[in-house]
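> Here's a sequence, model it:
(3 chains)
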Amino acid sequence: MKKKLVSALLIGVMAVSMLAGCGGGDADTGAGSGSGGGAASGTEAGGGASSGGSGAATVTDGADPSTLEPYEIQMAFVGESYPDTDIIEGKINEIIQPKYNTTLNIIPMSWGEFTNKLNLMLSGDEQLDLVPCIGTSNGVTYLNNGQIMDIKGLYQTYAPDVAGVVGEDNVEICTVGGKMYGLPVYKEYSNSAGVMMRKDLLEAAGHSVDEIKSLDDLDQIFADVKAQNPDMIMLAGRQGGTPGFDLITGGYFDGLNDNYGVILPDDKEGKVINYFETEEFKTVMTKMYDWAQAGYISKDCATMTDARQNQVKAGTAFAYFTPLKPGVDLQDSLDTTYEMVYATLSPTWRATGQVAWIGWGIGRNCKYPERVLETFNEFYTNAEIMNYFNWGIEGQHYVFVDEEKGIIGYPDGVDSQNKTYGYNAGYAIPNQKIAYVWENNDPSIWDEYETFNNADPLISTGFIFDNSSVSTEISALNNVFESYRDALGAGAVNPEDVLEDFNSELYNSGLQTVMDEKQKQLDAFLGK
Amino acid sequence: MANVTEAKAPSKTMRQIKTWAPIFLMMAPGLIYLFINNYMPMAGLVIAFKQINFSDGIWKSPWVGLKNFEFLFKSKDAFIITRNTICYNLAFIVINTVLGIALAILITDIRKDGPRKLYQSAILVPYLMSIVIVSYITYAFLSAENGLINNSILPLFGNTEGVSWYMEKKYWPFILTLVNTWKGIGYGTLIYISTVNGIDRSLYEAASLDGAGKWKQILHVTLPSLKGTVITLTLLNIGRIFYSDFGLFYQVPMNSGQLNEVTNVIDTYVYRSLLQMNNPGMASAAGFYQSIVGFVLVLVANLVVRKIDADSALF
Amino acid sequence: MIQSRSEKIYQVVAHIILILMVFCIAMPFILLFMSSITDENTLIQNGYSYFPAKYSLTAYKYIWNQKAKVFQAYGMTILVTAVGTVINIAMSAMLAYGLSKAKLPLRRFFAFYVFFTMLFNGGLVPTYMMYTGTFHIKNTVFALIVPAFMMSAMNVILIRTYYQTSIPDALYEAAEIDGAGPFKVFTTIALPLGKPILVTMGLFAALGYWNDWTNGLYYLSGTEGQKLYTIQNLLNQMMSQIEFLSSNSSAASAASSDIAKVPQTAVRMAIAFVAMLPMLVIYPFLQKYFQKGIALGAVKG
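As a prediction, this is how the structure comes out:
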């Protein structure tokens, strides 16, 4: 791979130096060319370009793009496959082809398929240029397996506007062991756990969210709501998403990728600890046990497969723990059909797992990484592309509800089930904030994002763990963790009885080795 | 005379070729397909011994010896998962064989065409379902708060407390066996039905003339005719004794950790181990381990069968 | 034919046992169907029931909304199943027939060669690399037919066993004496007499194709590949989308306001039912091939 990369770089450099003579005129390739549309934040992204140093030296700079070999960019995307995808690609190509002589081919994969499909496609000889690495562990393994490229030396030159969109602090988040596997997107960046509740029942019981400052405050509320609604359960949960773990993984600690050895939010030193033997863990799990005993949590909680929102919608549940972000109450209200309110139950902090939730990498068989990056850079700043990509074509896939504010909705006769295009996947596209906002969302939502995303980082924020040297231990730990997680989190077992076993099994499976390795890598990251 | 025998030697080979060439020609498509579909990718088994790097290619990736196998044995659960895998598989083999033969005999003996076809059709219905769906149905019966058994059946027996099925491991060996039988019985039964249907009717007539009753006919005609099929199926199953139906042991118990001691088998262990790991080397190592054990067992079993009844041996 | 008393009792007992069996098989299946037409809220509140308080066809409407895709996928499945099954049975029967010959040169080697493939496989990644790299079947209809399902060692071995145990050599010899060549013997003796096992194995091969979603998952991708999706691929895709959205509230929240409208449990059940339906309809028509064995006595004597 190195060899390929070096030669690719050489070609790039040669191209640049050859073309430099022709006078580096039109600096149109960079930012700012986003034609109107949503918020104006695209323009400020231009500032990020200069920080890249050689920001202006792009492949197409000053040259007629049509002299470059036409290149179809294969872009994997996780989402449904819509019949109008070809039309949308055509629209986007109208924008990118004149500038870069590249065209886009979207390869949609559903959520159940993408792990398998991506892994296979990256194993063979297929061309796959833009690879969504979802979850840091996927990015790290793709990189370690030589399935995607290290883009550290490339992105500043060829994708100079990314830093302006996602922030200087975040742009290199997908870096592990000095190599960078992907580019983050603009989404929510912070962790914060909270409890989401039905407002009507809460108020009927004579309470309000303002009273809730800690987990213990929920005791009285649940008791009162339960007294009025004896058939309801208080806390919804599901298989793999039990209340106890929804809460703690929502913001109680930085799990450093797998929860085997964590960093607490108030830790200033960067000491990796085993959360499962902390007093806090025991307290939370004991609370779950008590609540389950009181009938607040369903006996079926650990085996249920219905979404928590659907349980509330069906009228069987009152509340659930959930990760918070701006606008989450509005969305959950729509999902559950009841007005929902929330209270925060953990500190809010900028988290690696959120910033690097998705990293767009470059596949190893990509022929022109530079040109792909250049084209992708355009995605970060061009509102037109983002609107096409996320929502489709105006009049056909969406209509304006309020053109001035950039709020859109479905055209007549179109709904979520019969639409022919529309990923509605702001969390995965490069820059959702320059695109239009879907109706029922607050148009000022991006201002709230600014505040939320600028929450203080933890000492470990930015650190990504490479588990390849301890994979044997991780595999054993996975098995132990899986056999205790749901039962504890659903309050089905008394922590008094099982915590000791749980921890001794974790240590027997090599927890200390993993923690030591984490500590070592974290120390290196912190420059200790 | 001498001339004749001398001339015969080459012509015998010629005749051998002439006799068998058309047969080999008929076998060729199948043999070639197996070569392409099964043998060619087997070269990829080396991944089990390598630290794969796709940029370098499989062959140039560094060797790591048995490191990829370590995770299979390092866990203290290694004994439990091996025990579970083997015990369940043995139970399944015995139950599916006995029940399959019994049902096949009963179904083929039904005289009326209509009911016979109905029975024969019904037995295959569960086989058409994916195991995920079976797990939902199981859940519909066993769910603690909403399940049919706790809500409708147990109260009939005066038990209003209900049972937390997904928390009590003592029930699961039976539940899993029941589910597996329910879902899988159609396969064996249909094979046995076809074998029973293939039995020469005159054998029964002869037995009947000798005064043999129904039971004796089954004992002396039907069962001996099924012997070959039973042995073949059993040997095939022994070869796969280290494999298990992942869905049955993972989805049907709803991945309930409380049940692990009785539901964890090699396939579920490997799945949980490699969660979020995407490690082709370790996955390949697990498969290799399962294959090699099955291979050794089946070689031994086949040898035993060969000693007793050479015709029934697999190879 | 006059039935003896004991024969009569036997018939009654057999019917009772088998009716019990049908009952055991049918009850869970009926529950599956009932939950697919149960209102989602009722399902979550009251649980599964044979007599739900409130019915709803939303789940089927959800699938019906994609009818163009669904029917195309059905067509694809039928095509693949038909072609694949015919090839499968032809290859299996010919190979098994050869292996059943006691005097076949290198017989044990070939038997082992076939059996060995049941134990070892190269794993997914190498298989994928070979099929896409060497044979270029990606995004073609061959991707659905060729890998994994075109022949199974299991079927070959079972057919061979049947040939060995159920068809006496004397029959072949008689035909050969009559001057029939090897192909003729195969088509006039082995094929018709092997019918019970060949139909059964054909059914399993067909079910294999019908229920398969892995080939589509591995070898079809992009909008181009998805045009070739079989019904199982399509339904799996729907199911996984639902599963993801119900488990992963945080990441999906942008889209979740759309999805909460989908009745999740009922759709899962409806999907299962839709996937099985054609097989349930076709299967009884195959029954006539499961005929009783043929009296061989005459030929033998």
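> What are the boundaries of the helices in the stretch 301-450 of chain A?
Using DSSP state H, counting those that start in this stretch, the helices of the stretch 301-450 of chain A run over A:308-313, A:328-336, A:352-355, A:369-381, A:383-391, A:445-453.
> list the helices and strands the strand or helix carrying C:A275 packs on?
Counting by DSSP states H and E, the secondary-structure element that holds C:A275 is helix C:264-286. Under the contact criterion of 3 or more Cβ pairs under 8 Å, 6 or more residues apart in numbering or on different chains; DSSP states H and E, helix C:264-286 touches helix B:113-122, helix B:131-142, helix C:5-36, helix C:40-46, helix C:58-64, helix C:67-100, helix C:195-211, helix C:231-247. Every C-beta, even on glycine, is put in place using the N, C-alpha and C of the backbone.
> Looking at those helices, which is nearest to chain A?
Distance to chain A, taken as Cβ to the nearest Cβ, is lowest for helix C:231-247 among those, at 2.2 Å.
> helices or strands next to that closest one in the packing?
helix C:67-100, helix C:214-219, helix C:249-259, helix C:264-286.
> I'd like those as JSON lines, with distance to C:I157, mean pLDDT and mean neighbour count appended.
Output for the helices and strands packed on helix C:231-247, formatted as JSON lines (distance: least, Cβ to Cβ, whole Å; pLDDT from 0 to 100; neighbours: other Cβ atoms under 10 Å in any protein chain shown):
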{"stretch": "helix C:67-100", "distance to C:I157": "8", "mean pLDDT": "94", "mean neighbour count": "20"}
{"stretch": "helix C:214-219", "distance to C:I157": "23", "mean pLDDT": "92", "mean neighbour count": "22"}
{"stretch": "helix C:249-259", "distance to C:I157": "46", "mean pLDDT": "46", "mean neighbour count": "21"}
{"stretch": "helix C:264-286", "distance to C:I157": "23", "mean pLDDT": "83", "mean neighbour count": "19"}
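> Just put those in JSON lines and tack on distance to A:Y158.
Formatted as JSON lines, the entries for those read as follows, by distance: least, Cβ to Cβ, whole Å:
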{"stretch": "helix C:67-100", "distance to A:Y158": "38"}
{"stretch": "helix C:214-219", "distance to A:Y158": "33"}
{"stretch": "helix C:249-259", "distance to A:Y158": "28"}
{"stretch": "helix C:264-286", "distance to A:Y158": "43"}
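> Assign the residue of the stretch 101-250 of chain B found nearest chain C to helix, strand or coil.
Of the stretch 101-250 of chain B, the residue with the smallest distance to chain C, taken as Cβ to the nearest Cβ, is B:N146 at 2.4 Å. Secondary structure assignment for B:N146 (DSSP: H, G, I helix; E, B strand; the rest coil): coil.
> try A:M234
Classification of A:M234 by three-state DSSP places it in strand.
> which one is it nearest to, not counting chain neighbours?
Counting by Cβ to Cβ, 6 or more residues apart in numbering or on different chains, A:M234 lies nearest to A:Y296, which is 3.8 Å off, once chain neighbours are set aside.
> Provide a list of residues in contact with the one you found.
A:222, A:226, A:233-235 (Cβ atoms under 8 Å, 6 or more residues apart in numbering or on different chains).
> I'd like to know which of the helices of the stretch 301-450 of chain A is closest to chain C.
Comparing those against chain C with Cβ to the nearest Cβ, the closest turns out to be helix A:328-336 (4.0 Å).
> Check which helices and strands the closest one is in contact with.
strand A:193-198, helix A:308-313, strand A:340-344, helix C:249-259.
> Just the CA trace of it, in CSV.
Extracted as CSV, the C-alpha positions of helix A:328-336 are listed here (Å, rounded to 0.1, in the frame of the first residue of the first chain):
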residue,chain,number,x,y,z
VAL,A,328,-34.1,15.4,20.6
ASP,A,329,-37.3,16.1,22.5
LEU,A,330,-39.0,17.4,19.4
GLN,A,331,-38.0,14.3,17.4
ASP,A,332,-39.0,11.9,20.2
SER,A,333,-42.4,13.7,20.5
LEU,A,334,-43.0,13.0,16.9
ASP,A,335,-41.9,9.4,17.3
THR,A,336,-44.0,8.7,20.3
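> Now it: average pLDDT?
Across helix A:328-336, pLDDT averages out at 86.
> Could you check the angle it makes with strand A:193-198?
Compare the direction of helix A:328-336 with that of strand A:193-198 by axes from the mean of the first three to the mean of the last three Cα atoms, to 10 degrees and you get 50 degrees.
> What is the distance between helix A:328-336 and the centre of its chain?
Taking the mean of its C-alpha atoms, helix A:328-336 sits 19 Å from the chain's own mean (Cα atoms, centre = their mean, to the nearest Å).
> quick one: buried residues of the lowest-mean-pLDDT helix or strand in chain B?
The element with the least model confidence among the helices and strands of chain B, by mean pLDDT, DSSP states H and E, is helix B:2-34, at a mean of 78. Of the residues in helix B:2-34, those scored as buried under the neighbour-count criterion (16 or more other Cβ atoms under 10 Å in any protein chain shown) are B:20, B:22-23, B:26-27, B:29-31, B:33-34.
> quick one: which of the residues you listed is nearest A:D125?
Proximity of the buried residues of helix B:2-34 to A:D125 (Cβ to Cβ) peaks at B:Y33, which lies at 23.6 Å.
> how near is that closest one to chain A?
Going from B:Y33 to chain A by Cβ to the nearest Cβ, to the nearest Å gives 22 Å.
> Just give the nearest non-adjacent residue to that residue, would you?
Taking Cβ to Cβ, 6+ apart, and ignoring the residues beside it in sequence, B:Y33 has C:M151 as its nearest neighbour in space, at 5.2 Å.
> thought that neighbour was touching B:L34?
Yes. C:M151 lies in contact with B:L34 (Cβ atoms under 8 Å); the separation is 7.0 Å.
> need the residues of the stretch 51-200 of chain C near chain A, please.
Proximity of the stretch 51-200 of chain C to chain A is confined to C:62, C:65, C:124-125, C:128-129, C:132-133, C:138 under the rule Cβ under 8 Å from any Cβ of the partner chain.
> Mind jotting down where the strands sit in the stretch 401-528 of chain A?
Using DSSP state E, counting those that start in this stretch, the strands found in the stretch 401-528 of chain A span residues A:407-409, A:437-438.
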